[in-house]
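J.: only geometry, no sequence info:
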Ligand SMILES: Cc1ncc(COP(=O)(O)OP(=O)(O)O)c(N)n1
Ligand SMILES: Cc1nc(C(=O)O)sc1CCOP(=O)(O)O
């Protein structure tokens with residue numbers, strides 16, 4: 001029989017004296033962040049401190065933790081842990097003393113945590129049963145620990161797979177996410193690491209609390225995020241599961257006519273909106289920049305083609321949507337995209353990611369993974385090869401470079417639904433038939449003319465019209481005084497905004513315009529098609545959507 005108290009892992013502070021702001025006293029900072037009851041566990045981590053000094057720091061820290069009734073653990077150092085009362089636990093890594101040996105020495109009553117970075121390590125930790133909980137990471141890059149290179153980062157999807165392994169039936173091991181978790185990343189990482197009924201139990205942080213002079217406020221912000229996540233969990237559990245209820249919008253089943261009518265109404269609103277044309281920040285390829293800007297204008301939007309990282313935060317206050325297209329990606333434009341993505345997330349602006357050629361090279365794969373890890377994307381748009389690569393099904397459709405083909409996907413509906421659920425975003429699979437989903441409903445569209453494939457940049461411009469459609473959906477909700485800013489339970493739904501209809505409107509406008517352009521008398525081939533497409537996109541109307549949209553709801 002063990003006598004371990006139940007632990008609330010919600011906000012797990014790992015200390016880091018070297019990260020304190022200048023002039024801030026370690027003990028004062030620790031006391032301050034514990035003072036409001038938001039930090040629920042503390043681990044004392046001293047990487048370069050002599051054992052005797054480590055013990056002194058740990059003893060003084062324990063007095064503070066005891067005052068606030070917060071459980072405490074020691075990082076790595078068994079002798080410091082054993083010198084302290086039995087209520088003090090130990091956290092070890094995979095390279096430290098073996099967990100079975102640690103358990104034998106510590107006895108059954110001390111809390112013992114282990115770091116896991118792979119599914120195998122998670123399985124072993126769960127099966128062996130020596131550890132009481134696992135620290136899962138590094139979720140993202142961090143300055144707080146040496147040696148965390150890009151290839152070691154597991155991101156939301158890696159964390160999701162590890163959490164699922166830790167939570168397998170039989171023994172469900174509690175776990176916390178660690179590495180780059182902060183006020184900006186915590187919500188989407190908690191949501192993103194959750195699948196079915198497998199959710200992390202909390203977040204472990206160093207810099208997000210230790211690096212702040214107002215460590216009490218920092219802890220309260222994180223506490224709010226984790227509580228709101230857990231509230232979403234319990235309400236969704238009673239609604240039949242986690243992923244269905246909060247990761248993606250849950251709405252009534254609607255038929256194709258409803259979507260057609262809603263898209264037509266949104267288009268009318270967008271063309272005549274008192275908000276004026278939404279500003280669409282587009283970081284795109286050199287090849288398609290002019291085409292994208294012109295077609296954005298034709299679709300009643302205002303393009304701004306800024307790649308500059310230093311103005312992204314200011315811009316994101318003004319933009320209606322952000323479009324990230326990796327067609328001619330470089331390390332500098334990747335940096336701009338990361339900053340712009342962060343700023344858009346912070347200001348709750350929709351983000352479209354177009355992973356052009358995403359499966360073609362390792363560099364592009366890394367860029368796409370990095371962007372998906374660092375940004376909560378609202379809509380992921382790609383062709384069969386690009387989306388199959390992101391889904392880890394690259395062998396299903398061999399990538400042939402940036403214009404890789406329509407592909408022979410075995411199960412396009414399953415692919416887009418799976419990706420939408422995993423990445424917590426809308427997914428648009430473009431091809432002869434387009435598939436659009438919000439993770440609940442899948443809409444197919446048979447619109448679009450083959451000449452779109454004969455000109456360069458039409459796919460990139462589609463990303464922009466879809467982005468403008470998302471911005472229009474936000475503006476429509478605002479005009480009805482609906483909440484478009486709250487975090488709520490849905491990360492991609494932006495309160496009451498119907499982003500699925502927004503994306504559909506941008507898709508139909510572009511594809512119907514292409515059909516109307518292609519049949520014009522003045523169009524004799526790709527060259528004359530381009531200006532005609534621009535004209536027809538400027539003219540496409542609600543009536544055109546009602547008359548020409550060829551959409552079906554194939555899954556609800
Ligand atoms: C909660 C939690 N999770 C993971 C770690 C990392 O531990 P470890 O792998 O031992 O690395 P160091 O902390 O020793 O650098 C942790 N400390 N806490
Ligand atoms: C101590 C530690 N361990 C990690 C792991 O992944 O094993 S990441 C990490 C540092 C976490 O610091 P911050 O919250 O400032 O990113």
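T.: Happy to help now that I have it. These figures come from a predicted structure and were not determined experimentally. Ligands and ions are numbered 1, 2, ... in the order given.

J.: Spell out which parts of the stretch 101-250 of the chain neighbour ligand 1.
T.: Counting by Cβ under 6 Å from any ligand atom, the residues of the stretch 101-250 of the chain close to ligand 1 are 113, 115, 135, 137, 145, 176, 178, 204. (Glycine included, C-beta is placed from N, CA and C.)

J.: Against residue 446, how distant is residue 548?
T.: Distance of residue 548 to residue 446, given as Cβ to Cβ, to the nearest Å: 10 Å.

J.: picking that back up, which among the residues of the stretch 101-250 of the chain next to ligand 1 gets closest to residue 468?
T.: Nearest to residue 468, judged by Cβ to Cβ, of those is residue 137 at 37.3 Å.

J.: so who does that closest one touch?
T.: Counting by Cβ atoms under 8 Å, 6 or more residues apart in numbering, residue 137 makes contact with 115, 117, 154, 159, 177, 178, 179, 204.

J.: Please apply the same query to residue 126.
T.: Counted by Cβ under 8 Å, 6+ apart, residue 126 has contacts 165, 166, 168, 170, 171, 173.

J.: Mind picking the one among the residues you listed that's closest to ligand 2?
T.: Among these, residue 166 lies closest to ligand 2 (Cβ to the nearest ligand atom), at 14.7 Å.

J.: Backbone torsions only: list them for the closest one.
T.: Residue 166 adopts backbone torsions of phi -70, psi -30, taken as degrees, to the nearest 10.

J.: That one contacts residue 172, doesn't it?
T.: Yes: between residue 166 and residue 172 a contact is recorded at 7.2 Å, counting by Cβ atoms under 8 Å.

J.: more neighbours, these two?
T.: Just comparing residue 166 and residue 172: by other Cβ atoms under 10 Å the higher neighbour count belongs to residue 166, 25 against 13.

J.: Grab the nearest non-local neighbour of the more buried one.
T.: Counting by Cβ to Cβ, 6 or more residues apart in numbering, the nearest residue to residue 166 once its immediate chain neighbours are dropped is residue 173, at 4.5 Å.

J.: returning to that earlier point: secondary structure and pLDDT added to the residues of the stretch 101-250 of the chain next to ligand 1, as CSV?
T.: Converted to CSV, those look like this (DSSP: H, G, I helix; E, B strand; the rest coil; pLDDT from 0 to 100):
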residue, secondary structure, pLDDT
113, strand, 98
115, strand, 98
135, strand, 98
137, coil, 95
145, coil, 95
176, strand, 98
178, strand, 98
204, strand, 98
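
J.: Would you mind listing the residues in contact with the residue lying closest to residue 288 once chain neighbours are set aside?
T.: In space, and not counting its chain neighbours, residue 288 is closest to residue 457: 3.1 Å by Cβ to Cβ, 6+ apart. Each residue near residue 457 by Cβ under 8 Å, 6+ apart is listed here: 285, 287, 288, 291, 292.

J.: Break down the stretch 401-550 of the chain into its helices, ranges please.
T.: Remark: helices assigned in the stretch 401-550 of the chain by DSSP state H, counting those that start in this stretch are 412-423, 458-479, 499-518, 526-539, 542-548.

J.: which one of the ones you listed has the lowest average pLDDT?
T.: The minimum mean pLDDT among these belongs to helix 412-423 (a mean of 87).

J.: quick one: contacts of that helix?
T.: 156-157, 160, 192, 195, 243, 247-248, 372, 377, 380, 384, 387-388, 390-391, 393, 409, 426-429, 433, 435-439, 442, 554-555.

J.: Now do residue 327 against residue 309, distance only.
T.: Distance of residue 327 to residue 309, computed by Cβ to Cβ: 18 Å.

J.: Looking at the two, which is more packed in?
T.: The residue with more neighbours, out of residue 327 and residue 309, is residue 327; 23 against 19, by other Cβ under 10 Å.

J.: Mind checking what secondary structure the residue nearest to residue 166 has?
T.: coil (DSSP: H, G, I helix; E, B strand; the rest coil).

J.: who's in contact with it?
T.: Listed by Cβ under 8 Å, 6+ apart, the contact set of residue 173 reads 122, 125, 126, 131, 132, 133, 134, 166, 167.

J.: Which pLDDT value goes with it?
T.: Residue 173 carries a pLDDT score of 97 in this model.

J.: so how far is residue 369 from the residue of the chain found nearest ligand 1?
T.: Residue of the chain nearest ligand 1, by Cβ to the nearest ligand atom: residue 135 (1.9 Å). Per Cβ to Cβ, residue 135 is found 22 Å from residue 369.

J.: Which one's more surrounded, these two?
T.: Using other Cβ under 10 Å as the criterion, residue 135 and residue 369 rank with residue 135 on top: 24 against 18.

J.: Test of understanding: give the bridge partners of the more buried one.
T.: Note on residue 135: beta-bridge partners residue 115, residue 176, judged by DSSP bridges.

J.: residues in the stretch 1-150 of the chain within reach of ligand 2, list them.
T.: For the stretch 1-150 of the chain, the residues in contact with ligand 2 (Cβ under 6 Å from any ligand atom) are 14, 115, 137, 138, 142, 144, 145.
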